[in-house]
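In: Can you look at this prediction? I've put the sequence above it.
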Amino acid sequence: MNGNSVRELGVSQALHEKLCTSRVGMRWERIVRSHASEVEALMAIHPDVREHVHAALCALDEHRGVLAEPTISTVTRAIDDLQRLGSIELQLAMTGFREELAMARGRSLEDVLEG
C-alpha cells in the first residue's frame with residue numbers, strides 16, 4: 001500500500017465514522033458501497049478522477065462549520081467526473097448527491113446529516 005492509499009483509507013474511515021451516526025449518512029454510505037467497484041475502476045483508469053474524489057473526501061472530512069463554496073466546489077468536481085464517466089446507475093446516484101449538496105449549501109455537514 002502506498003502513502004496515498006494509506007491516507008485515503010484514513011480519510012475514508014474518518015468520514016465513515018461521521019456518516020454512520022445518522023440515517024442520511026447511512027443512506028449515503030449504502031449508495032457509495034453499491035457503486036464502489038465502478039468508482040474504484042474509474043479512479044484506476046482516470047488519475048484526475050482519483051485526485052478529485054480524494055480531494056472531495058478530504059474536504060468533507062476536514063469540513064468544520066458551514067458548507068462553504070470551496071468545499072462545495074471540490075465535491076462538485078468529483079460528482080461531475082463520476083456523472084460524466086459512470087454508468088446510468090452511477091449517474092443517477094450522482095444527480096441525487098448533486099441535489100442534496102445544493103440543498104446543503106450554507107448548512108453544516110452535521111445539520112445535513114441530522115436530516
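Out: That came through fine. Residues are numbered from 1 along each chain as shown.

In: For the protein, give me the ranges with low pLDDT.
Out: Scanning the chain for pLDDT under 70 picks out 1-12, 14, 63-65, 115.

In: hey, where'd the helices end up in this structure?
Out: Here the chain has its helices, by DSSP state H, at 3-19, 23-34, 36-45, 47-62, 69-85, 88-104, 109-114.

In: Distance from the third one to the middle of the chain?
Out: The reference is to helix 36-45. Average the C-alpha atoms of helix 36-45, do the same for its chain, and the two points are 14 Å apart (C-alpha atoms, centre = their mean, to the nearest Å).

In: And for the fifth one?
Out: For helix 69-85, the gap between its own C-alpha mean and the chain's C-alpha mean amounts to 9 Å (C-alpha atoms, centre = their mean).

In: Report the angle between that helix and helix 88-104.
Out: Put simply, helix 69-85 runs at 160 degrees to helix 88-104, going by axes from the mean of the first three to the mean of the last three C-alpha atoms, to 10 degrees.

In: Return the list of helices and strands in contact with helix 69-85.
Out: Counting contacts by 3 or more C-beta pairs under 8 Å, 6 or more residues apart in numbering; DSSP states H and E, helix 69-85 packs against helix 36-45, helix 47-62, helix 88-104. Placement of C-beta: from N, CA and C, glycine included.

In: Quick one: closest of the ones you listed to residue 27.
Out: For residue 27, the closest of the helices and strands packed on helix 69-85 is helix 88-104, at 9.7 Å, according to C-beta to C-beta.
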